[in-house]
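Asker: Requesting a structural model of the entry that follows:
(one chain, ligands or ions: 1)
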Amino acid sequence: MNQLIEKSFGYRTAAGWIAGLAAVGLLAAGPWMVDTYYLNLLFMIGIFVITCTGMNILIGYCGIVSIGHAGLMAVGAYMSSFLSTTYGLSFWTVALIGMLVSLIIGSLIAIPTIRAGGVYLSMITIAFGVVIHEVLIRWDGFSGGPLGISGIAKPQVAGYTFDLKSMYIFVLAIAVIALLIARNLRRSSWGRAMIATKENEIAAASLGIRKFTVQYAGFAISSVLAGLSGAIYAHTNSFISPDTYNFQTSVQLVLIVILGGSGRVLGPVIGAAIIVFLPEVLDMEKLRMALYGGIMFAVLFFLPKGIAGTVAGWVAPQLSRFAPKSQKASSSTASGEEIMFSAPAQAKDKELLVLEGINKYFGGLHALKDVSFSVAAGTIHSLVGPNGAGKTTLLNVISGLYSSEQGSFKLHGEKLVPRSLSAVAQLGIARTFQHSRLFKELSVLENIMTGMTKRERSGLGASLLRTPKQLRSERQMEARSHALLDLIGYEGDRHMPASQLPYGHQRMVEIARALATSPSLLLLDEPAAGMTATEIEQLENLLRKLVSHGVTVILIEHHMDFVQRVSDTVTVLDFGRVIGTGSPEQMLSDPRVIQAYLGGEEVAASAEH
Ligand SMILES: Nc1ncnc2c1ncn2[C@@H]1O[C@H](COP(=O)(O)OP(=O)(O)OP(=O)(O)O)[C@@H](O)[C@H]1O
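Answerer: Numbering: from 1, shown residues only. Okay, here's the model as predicted:
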């Protein structure tokens, strides 16, 4: 039965390829089937697909809504047109230069845009688009001013001059390549890192993923595609003016991505087809902006996932009924233990982490007061204390999410200088969060694979081209993820989006994702919360397995019997201060600890009587 299912998945992929090839074949026959008017429209769809595939990577994968991308198209178009009309250079040379200049300018704009984040991000891109438009109107010597540049040469190859038909075929080929690149990226560690950062920047950073690096890559790809499509358009149309690339064009580009379905590879194709054909069909050329505004409103209100996203939402559950629930990678012979524990176990008596005099303030609140203790390698060290005692704050300080005002850390005997979350992850410290921070858009397997990003990430070029080496690395990561899920005893559907997981499974997957970073120190913030008794038992076994192989665990937990069973050492915090460190038996029977835990209840109880 399993083989049948696997075969049917193979058939699905094959069916996808056949349908794709048939569609491309049909579109390639376009020049011989439609008149010039419709061929022009098809050509424009191709141009938009190229640009919007880049924007889809930026908006859908990275979560950066750029409303100035027409400016980057303009850079490619004007640079190539200027060089072509002034120096008579060939299209192939000037298109390449246009693309590179667009890449350079896009990369420069990316820096403030990514750093600003939030609402300022889109404002910067709008400002960029407006500035480019103004520069083109005023810089006569380069752009021809408001009149633009005309007489731009068409591409030539061995004496053959490209006409609209051949340019259309060329654009179709580039659009298909752009779509394949977007698809490859989505299936690579770069694509997963982009989506992870978009969904939960803190969780992504805790896996060692640098937001700036992945978002910068998204900006770079989209700049290249915008510059290229700008150059192709200019050399086909033979004329460009500043109005070709105004604010309206930028809005149109965003609309195509959102209408088609941001983050969906085929979204730009659907969006571009509708946005190009609709004003023609409705004969609303003069009311184009009003029509776009209406479409934008309707899409955001009725189809927030766009057309492709909505259709996928209907179809995916039907297909998942045929998906193998617990599919394991056949190529892997490695077990979860072999993957996790390739490093030699550390001696138990060695101090892995030493905290000295940690203080943390939130305004007037002194949340951590001179916290000092050490954590021995290969042990489970629990942090307990009443609500608000400062346990999570301490974990946040250790993991680099918060900086402390005073105090120092030593890891493996070396002093650590203040560090970011992603830099701490690079040191081999992994964590989970009190409230699940899984990447909901990604499947269970993809979540785990995201944990391997810092060690396994292939180069960006290899990911875009899906080279055999990159494919091998992907398969290895997938096999390792299966093995890790086996290790934690995860029995659920591994291809299911994390958004659909029950709470207990979310917690387990989050632990597996942290383990995927191969940490030497694992910080767990209330991992048993929301778990069933069986799952807690599995967690207990897993923790024992981890420490037996030398992994060190710092555990925050409110289930005291669980703490008592698994811990080697317990540190008790109360009002941000350490009130004791010792064995679980010592600590949990210490009168100060009982007072700290029960004091509030006693007060409450006495108030009731
Ligand atoms: N980001 C923050 N800004 C302001 N105050 C904060 C912040 N994070 C924590 N605090 C405060 O610091 C104190 C310690 O909180 P913390 O969450 O670390 O306690 P805890 O021991 O983990 O509690 P619980 O068991 O309920 O999770 C609390 O008074 C809390 O309100």
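Asker: Pull up the residues of the stretch 251-400 of the chain that are close to the ligand.
Answerer: Contact residues, the stretch 251-400 of the chain versus the ligand (Cβ under 6 Å from any ligand atom): 362, 365, 367, 385, 387-393. Yep, even glycine has a C-beta here, placed from its N, CA and C like the rest.
Asker: Out of the residues you listed, which comes closest to F82?
Answerer: The shortest approach to F82 among those belongs to F362, at 55.6 Å (Cβ to Cβ).
Asker: For V578, see how far away that closest one is.
Answerer: 19 Å (Cβ to Cβ, to the nearest Å).
Asker: of these two, who's got more company?
Answerer: V578 (22 against 10; other Cβ atoms under 10 Å).
Asker: Mean confidence (pLDDT) on whichever helix or strand A110 is part of, please.
Answerer: Using DSSP states H and E, the element containing A110 is helix 91-116. Summarised as a single mean, pLDDT over helix 91-116 is 93.
Asker: which secondary structure elements does it contact?
Answerer: helix 69-87, helix 118-138, helix 211-237 (3 or more Cβ pairs under 8 Å, 6 or more residues apart in numbering; DSSP states H and E).
Asker: what's the helix or strand for the residue nearest to the spatial centre of the chain?
Answerer: With distances taken as Cα atoms, centre = their mean, the residue of the chain nearest its centroid is I195 (1.9 Å). In the assignment (DSSP H and E), I195 maps to helix 189-199.
Asker: Downstream of that helix, the next helix or strand is which one?
Answerer: According to DSSP H and E, the helix or strand after helix 189-199 is helix 201-206.
Asker: Quick check: buried residues in that next one?
Answerer: By neighbour count on 16 or more other Cβ atoms under 10 Å, the buried set for helix 201-206 is 201, 203-206.
Asker: Now do it: everything it contacts.
Answerer: 193, 196-197, 211, 399, 401, 420-422, 425, 430-431, 433, 437-439, 450, 514 (Cβ atoms under 8 Å, 6 or more residues apart in numbering).
Asker: could you give the angle of the helix holding A110 to helix 211-237?
Answerer: Helix 91-116 runs at 150 degrees relative to helix 211-237, counting by axes from the mean of the first three to the mean of the last three Cα atoms, to 10 degrees.
Asker: ok, A596 to L524 distance?
Answerer: For A596, the distance to L524 - Cβ to Cβ - is 21 Å.
Asker: nope, S84 is what I meant
Answerer: 61 Å.
Asker: same thing with G20?
Answerer: 44 Å.
Asker: which of those two has more neighbours?
Answerer: Between G20 and L524, L524 has the larger neighbour count (other Cβ under 10 Å), namely 26 against 15.
Asker: So what does that one look like in phi/psi?
Answerer: L524 adopts backbone torsions of phi -120, psi 120, taken as degrees, to the nearest 10.
Asker: What residues are bridge-paired with it?
Answerer: L555 (DSSP bridges).
Asker: quick one: pLDDT of it?
Answerer: 94.
Asker: Next: V551.
Answerer: 89.
Asker: what are the ranges of the helices in the stretch 351-500 of the chain?
Answerer: 391-398, 421-426, 444-451, 453-456, 460-465, 468-487 (DSSP state H, counting those that start in this stretch).
Asker: Can you say which of these is packed in most?
Answerer: Comparing the helices of the stretch 351-500 of the chain on average neighbours per residue, with mean count of other Cβ atoms under 10 Å, the densest one is helix 444-451 at a mean of 26.
Asker: Next, the angle helix 189-199 makes with that one.
Answerer: Using the same axes, to 10 degrees: helix 444-451 against helix 189-199 is 100 degrees.
Asker: Show me what helix 444-451 is packed up against.
Answerer: By 3+ Cβ pairs under 8 Å, 6+ apart, helix 444-451 packs against helix 189-199, helix 468-487, helix 503-515.
Asker: before we move on, back to that, dump the residue contacts of the residue nearest to the centre of the chain.
Answerer: So I195 contacts 61, 263, 439, 441-442 (Cβ under 8 Å, 6+ apart).
Asker: The same query, at a cut-off of 6 Å, please.
Answerer: 61, 441 (Cβ atoms under 6 Å, 6 or more residues apart in numbering).
Asker: For it, give its distance to S223.
Answerer: 20 Å.
Asker: Let me see the confidence value for S473.
Answerer: Reading off the model, S473 has pLDDT 91.
Asker: how many other residues sit next to the closest residue in space to S66 that isn't next to it in sequence?
Answerer: Nearest residue to S66, sequence neighbours excluded (Cβ to Cβ, 6 or more residues apart in numbering): T125, at 4.1 Å. Using other Cβ under 10 Å, T125 is surrounded by 27 other residues.
Asker: Please apply the same query to G293.
Answerer: Neighbours around G293, by other Cβ under 10 Å: 13.
Asker: Spell out the secondary structure type for it.
Answerer: helix (DSSP: H, G, I helix; E, B strand; the rest coil).
Asker: buried residues in the helix or strand in which L542 is found?
Answerer: Here L542 sits within helix 533-548, counting by DSSP H and E. Under the neighbour-count criterion of 16+ other Cβ under 10 Å, helix 533-548 has 535-536, 538-539, 542-543, 545-547 buried.
Asker: Let's have the residues you listed in JSON lines, adding pLDDT and distance to the ligand.
Answerer: Putting the buried residues of helix 533-548 into JSON lines (pLDDT from 0 to 100; distance: Cβ to the nearest ligand atom, whole Å) gives the following:
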{"residue": "E535", "pLDDT": "86", "distance to the ligand": "20"}
{"residue": "I536", "pLDDT": "89", "distance to the ligand": "18"}
{"residue": "Q538", "pLDDT": "87", "distance to the ligand": "23"}
{"residue": "L539", "pLDDT": "90", "distance to the ligand": "18"}
{"residue": "L542", "pLDDT": "89", "distance to the ligand": "22"}
{"residue": "L543", "pLDDT": "91", "distance to the ligand": "19"}
{"residue": "K545", "pLDDT": "87", "distance to the ligand": "26"}
{"residue": "L546", "pLDDT": "86", "distance to the ligand": "22"}
{"residue": "V547", "pLDDT": "88", "distance to the ligand": "23"}
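Asker: Disregarding flanking residues, what is the spatial nearest neighbour of V551?
Answerer: Here the residue nearest V551, using Cβ to Cβ, 6+ apart, is L522, at 5.9 Å.
Asker: Can you name the residues of this protein sitting close to the ligand?
Answerer: So far as Cβ under 6 Å from any ligand atom goes, the chain lies against the ligand at 362, 365, 367, 385, 387-393, 434.
Asker: Cross those residues against strands and list the overlap.
Answerer: Judged by DSSP state E, the subset of these located in strands is 362, 365, 367.
Asker: how about those residues in a markdown table, adding distance to A483 and pLDDT?
Answerer: Shown next, in a markdown table, are those (distance: Cβ to Cβ, whole Å; pLDDT from 0 to 100):
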| residue | distance to A483 | pLDDT |
| --- | --- | --- |
| F362 | 41 | 93 |
| L365 | 44 | 92 |
| A367 | 39 | 91 |
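Asker: Of these, which is the nearest to W314?
Answerer: If you rank those by distance to W314 using Cβ to Cβ, F362 comes first, at 45.9 Å.
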